[in-house]
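Undergrad: next one to model:
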Amino acid sequence: MKGCKYGTHRVIGENVLPQPAKKINNEMNLYDNEILIDVQALNIDSASFTQIEEECNHDIEKIKARILEIVEEKGKMQNPVTGSGGMLIGTIEKIGSDLEGNIDLKIGDKIATLVSLSLTPLKIEEIVDIKPDIDRVEIKGKAILFESGIYAKLPTDMEETLALAALDVAGAPAQTQKLVKEGNNVVILGAAGKSGMLCCYEARKKAGKSGKVIGLVINNKDAEFIKENDLVDEAIIVDAQDPNAVLNKVLEANNGKEVDLAINCVNVPNTEMSTILPVRDKGVVYFFSMATAFTKAALGAEGVGKDVDMIIGNGYTKGHADVTLTALRESETLKNIFKNLYV
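TA: Below you'll find the model as predicted:
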């Protein structure tokens, strides 16, 4: 039996796509145009994991129980507060008859799904381990990839866990590569985080010596870290939830001028205006953070009279996996940081 390529046949009781659906069918009976994955690990997106961790008072057993509860209730790993999910790593267990021979996958291939867990049918048999420092949940379980679902085969020239850590945020550096122009002044909020560091690397490459990349971080330790590793031209220490303070710090770091582009990679809410205020008229604001509220951004920009182009982070852009893995191959510094922090 063939299902909808976008997975609507799995939605229960609503006429919507799987991502906004309240509940989807996570039975692992395979449709002819689906792929069955034996799942080893989930990488929960940072905003979602942070929210769950705080809700559970950093208690690992409570975090496990909450994740199991969400998946049992929704049929997928979609945080009901943030609405976001993450991605998974697993092995191809079965390929639907309609897809056999038509895709570059075979049984036994290891892949990282590049579509959100917020739309992926998932069944967890057991949570084996949780690594809160890297937002990873190791499980025994199964998942379904729809016909339209994107994925990346895990590369053979680097550790799987290293590739997964980078692919988890592949949309951010790839979009950064497209957005930054030579000579641009750029501020990256959350510059010491996983997506932030990759964005810093791509922004510096594209902006060149005539541009400037300013990394916004929360403390001295992070500021020293991104400066020592030459990820930014300048680091500023300021609370991303304080828009006036952010504006003043950015202006100070950029010779009194507003920046051409701001990229938001933080994992906490209420940072919309801190991203918008430092950007010049006709500049660009890119919200990669899944903690972004569209209404706050849209009405906030209107309220301060900012004529900026605002881009909501799309986890997918063509070639994003290649861009991200290439960054790790090009930069020994970046690769070592990711190994030390996320593997």
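Undergrad: the residue lying closest to residue 154 once chain neighbours are set aside and residue 161, how far apart?
TA: Spatially, and ignoring its direct neighbours in sequence, residue 154 is nearest to residue 110 (4.6 Å; Cβ to Cβ, 6 or more residues apart in numbering). Where you see a C-beta, it was placed from the backbone N, CA and C, and this is true even at glycine. Distance, residue 110 to residue 161, using Cβ to Cβ, to the nearest Å: 11 Å.
Undergrad: can you check residue 111 too?
TA: For residue 111, the distance to residue 161 - Cβ to Cβ - is 14 Å.
Undergrad: where along this structure do the strands fall?
TA: Applying DSSP state E to the chain gives strands spanning 34-44, 86-95, 110-113, 122-131, 136-146, 151-153, 185-189, 212-217, 234-237, 259-264, 279-287, 309-312.
Undergrad: just checking, what packs against the second one?
TA: With contacts defined as 3 or more Cβ pairs under 8 Å, 6 or more residues apart in numbering; DSSP states H and E, the packing partners of strand 86-95 are strand 34-44, strand 110-113, strand 136-146, helix 160-167.
Undergrad: can you give me every residue that contacts residue 222?
TA: By Cβ atoms under 8 Å, 6 or more residues apart in numbering, the contact list for residue 222 reads 191-192, 235, 237.
Undergrad: got the buried residues for stretch 109-128?
TA: 110-124, 127 (16 or more other Cβ atoms under 10 Å).
Undergrad: now swap in stretch 173-186 and tell me
TA: In stretch 173-186, the ones that count as buried by 16+ other Cβ under 10 Å are 173-180, 184-186.
Undergrad: on that earlier part again, export the helices and strands packed on strand 86-95 to CSV and tack on mean pLDDT and distance to residue 316?
TA: Putting the helices and strands packed on strand 86-95 into CSV (pLDDT from 0 to 100; distance: least, Cβ to Cβ, whole Å) gives the following:
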stretch, mean pLDDT, distance to residue 316
strand 34-44, 96, 16
strand 110-113, 93, 11
strand 136-146, 97, 14
helix 160-167, 86, 11
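Undergrad: and residue 76, which of these is closest to it?
TA: Across the helices and strands packed on strand 86-95, residue 76 has its closest neighbour in strand 136-146 (8.9 Å, Cβ to Cβ).
Undergrad: just checking: what are the partner strands of that closest one?
TA: Under the criterion DSSP bridges, strand 136-146 sits next to strand 34-44 (antiparallel), strand 122-131 (antiparallel) in its sheet.
Undergrad: can you list those strands in CSV and add distance to residue 204?
TA: Shown next, in CSV, are the strands paired with strand 136-146 (distance: least, Cβ to Cβ, whole Å):
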stretch, distance to residue 204
strand 34-44, 25
strand 122-131, 29
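Undergrad: state the distance from residue 256 to residue 156.
TA: From residue 256 to residue 156 the distance is 49 Å (Cβ to Cβ).
Undergrad: swap in residue 217?
TA: Residue 217 is 34 Å from residue 156, by Cβ to Cβ.
Undergrad: more crowded one of these two?
TA: Neighbours were counted for residue 217 and for residue 156 using other Cβ atoms under 10 Å; residue 217 has more, 26 against 8.
Undergrad: got the contact list for the more buried one?
TA: Counting by Cβ under 8 Å, 6+ apart, residue 217 has contacts 190-192, 223, 226, 235-237.
Undergrad: now residue 218
TA: 237-240.
Undergrad: check residue 184 too.
TA: Contacts of residue 184 by Cβ under 8 Å, 6+ apart are 203, 206-207, 211, 259-261.
Undergrad: what's the pLDDT at the nearest residue to it once chain neighbours are set aside?
TA: Counting by Cβ to Cβ, 6+ apart, residue 184 lies nearest to residue 260, which is 4.4 Å off, once chain neighbours are set aside. Residue 260 carries a pLDDT value of 98.
Undergrad: I'd like the buried residues of stretch 173-186 as TSV, with pLDDT and distance to residue 50 appended.
TA: Output for the buried residues of stretch 173-186, formatted as TSV (pLDDT from 0 to 100; distance: Cβ to Cβ, whole Å):
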residue	pLDDT	distance to residue 50
173	96	21
174	96	23
175	96	22
176	97	22
177	97	26
178	96	27
179	97	25
180	98	27
184	98	30
185	98	29
186	98	25
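Undergrad: fine, thanks again, bye for now.
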